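S.K.: Sequence first, then the predicted structure:
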Amino acid sequence: MINPMQQVVVAGRQRDSRAIMQALQSAGVLHIVPVEATPGGNFQTGPLGGQAAEDRRETERLLARAESAVGMLGVPRAGSRAALPDEAQWGSLVDAAATPAAQLDDQETLLRGDLETQRTYGPVVSVLASLASGIDESRRLALLTLTTEKPEELQAADAALRAELKDRYALASERVREGQTAVAVAVLAADRDRARAALSKARLGELRLPGRFERLPLREVAQEFSRIAGSSEKALADVQNQKRQLAAQYGAQLLSVRDALSDRVAIDDARAQTARGKYGFVLQGYLPADRVDGMKAALAPFGSGVMTELSAVDEHHGAGAIPVQLKNNDYTRQFEFLLNISDPPRYGTFDPSWVVAFFFPIFFGFIVADIGFGSIFLIAACWMIGKSKRGQSLPVGLLGMTLDPSTLYQVGYVLRTMSLWSILFGFLTGEFFGNILEKLHLFYVDHALIKNFWGVTLSGEQETGIIPILLPRVSPEFSTTLLLICIALGVLFVLWSWGLRLQLSLKHRHGHHAWEALGMLGGLVGLILLAYVSKAGRDFGALGNFGNPLVVVMLLGFVVFIVGVIMSRAFLMVIEILSNGGNIISFTRLFAVGVSAAILANLATSVGWGLGGVLPVIGPLLGILVGLIVHTFLFALTILGHVMQPIRLMWVEYLNPTGFYQDNGIRYNPFARASLKK
């Protein structure tokens with residue numbers, strides 16, 4: 001749900017403004033919004049000026065230096081903080097850490113660069129130094145170096161040089177490694193540019209070493225590379241060890257000072273959003289209704305020196321400016337990140353988090369419906385949760401991102417819920433990596449049970465087993481029943497979404513949207529009854545039976561639709577209603593994706609099972625191996641659809657008609673200390 005908000009105005013003495021801001025920052029509950037200046041008024045708004053601006057610049061400089069030191073020393077941002085030292089010591093403490101940290105960081109950068117250069121060019125330079133024999137140190141001669149990958153490139157270089165210089169050059173080459181040959185070309189110093197032009201015509205570039213190595217003779221470069229290879233690794237380890245020692249010595253204090261400086265800059269930013277006079281200041285903002293006591297307690301020490309005024313927010317006209325905080329139970333809160341693809345819902349509308357939290361894992365479980373695959377998800381989820389509780393992150397190389405412990409816990413929690421529903425539906429379908437347990441006669445299809453429970457008559461011989469299957473989804477006779485279940489879900493969700501749109505439009509007195517939603521509801525009811533009464537188009541004659549109350553309701557639905565189109569003047573609703581009918585049909589994805597995956601899983605099991613009966617000893621082992629390989633391949637092929645299809649039904653088919661993406665709100669961002677936000 002959306003947490004109710006209160007609008008607040010705080011006024012106080014100018015000399016107490018920083019102290020009041022610090023108190024509000026410690027409370028961490030007030031979402032501050034800028035106060036607009038009144039033309040010709042005596043209050044100043046906008047950025048701070050004078051000495052306050054100069055103090056802010058100095059604070060920002062010190063903060064940037066502290067941030068740089070924390071980064072260079074590799075201090076974990078979420079690491080433990082030490083007691084905050086006296087303010088007079090902040091600058092010296094930051095300098096004591098930042099100065100050697102910068103020097104060590106420069107050394108590390110230089111050493112890493114040298115090592116990378118040596119690893120890249122070392123073998124080539126060694127060969128070229130041998131070929132050059134000191135020619136590059138001569139004043140009369142010039143040496144051009146390059147590498148080639150194919151013999152044709154070497155021949156092209158020789159031909160181009162011969163065409164340009166006749167016999168006034170010498171070319172030597174030696175293989176460095178597979179696919180790379182070092183080439184040295186000696187020419188007169190006066191012919192250097194002509195030789196370069198010839199090589200350029202042959203589409204061959206001269207080898208140039210990076211940085212300081214470009215100016216050294218090859219002999220000295222080879223010697224330097226030999227020194228780097230022998231000593232730089234140890235020197236780099238020494239530098240890194242010194243950085244770790246500095247981090248251990250200053251890290252906790254640096255983080256404390258960094259937080260304090262960040263808090264001070266944030267206070268200046270907040271003061272810039274106030275209206276300031278010679279003797280007083282005024283700020284305004286919003287805070288959750290259940291946090292009012294926290295703000296009052298923070299301001300209590302100032303007594304009559306500060307005044308607050310609370311008022312109810314206007315969710316009908318000013319909802320776009322009101323920040324939104326979601327207030328859900330622990331279970332629903334773990335699913336909120338699935339809706340963070342957009343801004344939060346507009347204040348005064350509705351929070352769909354609980355809908356996603358309840359239905360998304362059920363839809364996923366309905367699609368997977370396999371005890372084996374659900375168990376794999378459960379193991380992965382428990383591993384993620386355990387890793388997050390140990391404070392560890394999870395790099396996801398495929399997506400180029402890293403899940404921090406908090407996000408990792410949410411993902412693991414959601415995956416655990418999804419896996420439990422998958423296992424539950426797996427018991428109903430009798431699937432364990434396909435039909436393995438059905439082949440072992442643990443699960444079986446009881447024709448009489450299916451007939452009595454679902455009214456569906458199955459063909460084939462009666463199976464035997466221990467646990468009866470309640471949802472035989474791969475049986476052709478049962479497919480119509482599953483389709484109808486999915487379509488019923490589609491009817492429920494699409495009508496529900498337009499009902500929400502109607503309710504919210506009436507609440508906020510949006511007549512245009514209310515008529516649109518009412519018309520769409522009427523039209524959809526008409527379409528649904530049209531399909532039902534005509535038996536999906538097989539009996540259009542039944543539509544003329546006006547004695548059937550469903551026909552009357554259908555006609556009334558179409559009348560409401562026409563009135564809605566006229567009153568809302570949204571004539572494209574004639575096309576949009578067909579799209580919404582398609583949204584209902586889209587819920588058959590739950591059936592199609594799930595059954596196709598089940599058929600593929602059964603195929604993988606049958607392949608392995610069939611191989612198991614070919615040979616007496618090796619057959620079962622080979623069957624298990626082949627079945628495992630096929631299951632892994634199919635699992636990797638279908639897993640994305642298993643996740644995306646149910647969440648798509650939430651994001652698109654359900655949330656689009658409600659106006660969730662059109663009426664976005666502002667995320668609640670309370671003014672709080674940096675240490676409270678970490």
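M.R.: Everything's here; your move.

S.K.: ok, now which ones touch L204?
M.R.: Neighbouring residues of L204 by C-beta atoms under 8 Å, 6 or more residues apart in numbering: L146, T148, E153, A156, A157, A160. All C-beta atoms are positioned from the backbone trio N, CA, C, and that covers glycine.

S.K.: thought the fourth one was touching S200?
M.R.: So the one you mean is A156. No - shown here, A156 and S200 do not form a contact pair, counting by C-beta atoms under 8 Å, at 11.6 Å.

S.K.: who's more crowded, those two?
M.R.: Set A156 next to S200 and count neighbours by other C-beta atoms under 10 Å: A156 wins out with 17 against 12.

S.K.: part of a helix, is the more buried one?
M.R.: Yes - counting by DSSP: H, G, I helix; E, B strand; the rest coil, A156 is part of a helix.

S.K.: So for it, what's the pLDDT?
M.R.: If you check A156, the pLDDT there is 91.

S.K.: dump the residue contacts of the closest residue to it other than its chain neighbours.
M.R.: Of all residues not flanking A156 in the chain, A202 sits nearest, at 4.4 Å (C-beta to C-beta, 6 or more residues apart in numbering). The contact partners of A202, by C-beta under 8 Å, 6+ apart, come to E153, A156, A157, A159, A160.

S.K.: Dump the contacts of L204 to JSON lines, plus distance to T120.
M.R.: Output for those, formatted as JSON lines (distance: C-beta to C-beta, whole Å):
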{"residue": "L146", "distance to T120": "15"}
{"residue": "T148", "distance to T120": "17"}
{"residue": "E153", "distance to T120": "20"}
{"residue": "A156", "distance to T120": "25"}
{"residue": "A157", "distance to T120": "22"}
{"residue": "A160", "distance to T120": "27"}
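
S.K.: Could I get the contacting residues of the residue nearest to the spatial centre of the chain?
M.R.: Nearest to the centroid of the C-alpha atoms of the chain, with distances taken as C-alpha atoms, centre = their mean, sits M401, at 7.5 Å. Contact partners of M401, counting by C-beta under 8 Å, 6+ apart, are P395.

S.K.: Okay, it and L524: tell me how far apart.
M.R.: Using C-beta to C-beta, to the nearest Å, M401 is found at 40 Å from L524.

S.K.: How about L188?
M.R.: 88 Å.

S.K.: And D86, how far from D95?
M.R.: Distance of D86 to D95, given as C-beta to C-beta: 15 Å.

S.K.: Who has more neighbours out of those two?
M.R.: Neighbour tally, D86 and D95, criterion other C-beta under 10 Å: the higher count belongs to D95, 14 against 7.

S.K.: if I read this right, M1 contacts N329, doesn't it?
M.R.: No - contact criterion C-beta under 8 Å: M1 and N329 do not qualify, at 9.6 Å.

S.K.: as a whole number, average confidence for stretch 463-477?
M.R.: Here the average pLDDT along stretch 463-477 is 91.

S.K.: now do stretch 424-436
M.R.: Across stretch 424-436, the average pLDDT comes to 92.

S.K.: which SS state does L555 fall under?
M.R.: What three-state DSSP gives for L555 is helix.

S.K.: What separation do you get for the closest residue to it other than its chain neighbours and I666?
M.R.: Nearest non-adjacent residue to L555, counting by C-beta to C-beta, 6+ apart: G526, 7.4 Å away. Between G526 and I666 the distance is 39 Å, computed by C-beta to C-beta.

S.K.: Look at these two and report which has more neighbours.
M.R.: Shown here are G526 and I666; by other C-beta under 10 Å, G526 has more neighbours (21 against 18).

S.K.: now the helix or strand where the more buried one lies, how far from the chain's geometric center?
M.R.: In this structure, G526 sits in helix 511-533 according to DSSP states H and E. On the basis of C-alpha atoms, centre = their mean, to the nearest Å, helix 511-533 sits 37 Å off its chain's mean C-alpha point.

S.K.: From the contact counts, what lies against that helix?
M.R.: helix 479-507, helix 549-568, helix 573-586 (3 or more C-beta pairs under 8 Å, 6 or more residues apart in numbering; DSSP states H and E).

S.K.: Run through who's touching the last one.
M.R.: In this case it means helix 573-586. Applying C-beta under 8 Å, 6+ apart, the contact partners of helix 573-586 are 487, 490-491, 494, 498, 516, 519-520, 523-524, 527-528, 561, 564-565, 570, 649, 652-653, 657.

S.K.: what about it, distance to the chain center?
M.R.: Distance, stretch centre to chain centre, for helix 573-586: 31 Å (C-alpha atoms, centre = their mean).

S.K.: buried stuff in it?
M.R.: The neighbour-count check on helix 573-586 (16 or more other C-beta atoms under 10 Å) flags M573, E576, I577, N580, G581, N583, I584, S586 as buried.

S.K.: Just the buried ones from the contacts of L204?
M.R.: L146, T148, E153, A156, A157, A160.

S.K.: Between all of the residues you listed, which two are separated the most?
M.R.: Farthest-apart pair in the buried ones among the contacts of L204 is T148 and A160; separation 12.5 Å (C-beta to C-beta).

S.K.: still on that earlier bit, what about the residue nearest to the centre of the chain, distance to T407?
M.R.: 9 Å.

S.K.: got it, and G434?
M.R.: Using C-beta to C-beta, G434 is found at 33 Å from T407.

S.K.: Those two: who's more crowded?
M.R.: Taking other C-beta under 10 Å, G434 and T407 do not tie; G434 has more neighbours (29 against 15).

S.K.: The more buried one touches V607, doesn't it?
M.R.: No - between G434 and V607 there is no contact under C-beta under 8 Å: 9.9 Å.

S.K.: if we can go back for a sec, between L188 and L524, who's got more neighbours?
M.R.: L524 (22 against 14).

S.K.: now the strands for the stretch 351-500 of the chain?
M.R.: 394-396, 401-403, 443-444, 467-468 (DSSP state E, counting those that start in this stretch).

S.K.: Would you mind finding the most buried of those?
M.R.: Comparing the strands of the stretch 351-500 of the chain by mean neighbour count (mean count of other C-beta atoms under 10 Å), strand 443-444 ranks first with a mean of 22.

S.K.: Direction included, what does that one pair against?
M.R.: Strands adjacent to strand 443-444 in the sheet, as given by DSSP bridges, are strand 467-468 (parallel).

S.K.: what's the neighbour count on I469?
M.R.: Residues contacting I469 under the criterion other C-beta under 10 Å number 25.

S.K.: Now for the nearest residue to it once chain neighbours are set aside: which residues touch it?
M.R.: Nearest non-adjacent residue to I469, counting by C-beta to C-beta, 6+ apart: G430, 3.8 Å away. Counting by C-beta under 8 Å, 6+ apart, G430 touches L437, E438, F443, Y444, V445, I467, I469, P472.

S.K.: Against G91, how distant is G430?
M.R.: 71 Å.

S.K.: can you check G610 too?
M.R.: Taking C-beta to C-beta as the measure, G610 falls 77 Å from G91.

S.K.: and the closest residue to I385 other than its chain neighbours, how many residues sit next to it?
M.R.: Nearest non-adjacent residue to I385, counting by C-beta to C-beta, 6+ apart: G412, 4.0 Å away. Residues lying near G412 (other C-beta under 10 Å) number 23.

S.K.: quick one, what contacts G412?
M.R.: The contact partners of G412, taken as C-beta under 8 Å, 6+ apart, are A380, A381, C382, W383, M384, I385, K387, S388.

S.K.: ok now do T274, which residues does it touch?
M.R.: S17, V35, T45, F281, V282, L283.

S.K.: What is the nearest of the residues you listed to S262?
M.R.: Among those, and counting by C-beta to C-beta, the member closest to S262 is S17, at 18.8 Å.

S.K.: Y279 is in contact with that closest one, correct?
M.R.: No - S17 is beyond contact range of Y279, at 10.7 Å (criterion: C-beta under 8 Å).
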